[in-house]
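J.: can't give you the sequence, but here's the structure:
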């Protein structure tokens with residue numbers, strides 16, 4: 001259509017994986033581990049696993065990411081990760 005501006009998406013969504021792990025790590029550290037150290041692993045823990053991974057959520061999350069078992073998305077505003 002003539003006269004209609006082409007809008008560009010402002011945000012980019014990327015899968016959490018080995019390539020995006022450094023960005024995820026940076027934003028989680030910025031926010032105190034998300035909820036005081038959860039690192040978004042609550043839904044990965046099976047009953048009884050909480051004590052095993054207590055205070056080691058970052059390690060667990062990275063292991064899940066490295067093995068392709070963590071499902072998440074990162075939101076970027078240009079080069080900056082925002083969510």
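T.: Now that the structure is in, tell me what you want to look at. These numbers were taken from a predicted model, which means no experiment stands behind them.
J.: my read: residue 77 touches residue 27, true?
T.: No - in this structure, residue 77 is not within contact of residue 27 by C-beta atoms under 8 Å, at 11.9 Å. C-beta: built from backbone N, CA, C; applies to glycine.
J.: Look at the two and report which has more neighbours.
T.: Just comparing residue 77 and residue 27: by other C-beta atoms under 10 Å the higher neighbour count belongs to residue 27, 15 against 11.
J.: just checking, next helix/strand downstream of the helix or strand encompassing the more buried one?
T.: Here residue 27 sits within helix 21-30, counting by DSSP states H and E. Next helix or strand after helix 21-30 toward the C-terminus (DSSP H and E): helix 57-66.
J.: Could you tell me the angle between that following helix and helix 21-30?
T.: Counting by axes from the mean of the first three to the mean of the last three C-alpha atoms, to 10 degrees, helix 57-66 lies at 160 degrees to helix 21-30.
J.: which helices and strands sit right next to helix 57-66?
T.: On a contact count with 3 or more C-beta pairs under 8 Å, 6 or more residues apart in numbering; DSSP states H and E, helix 57-66 meets helix 21-30.
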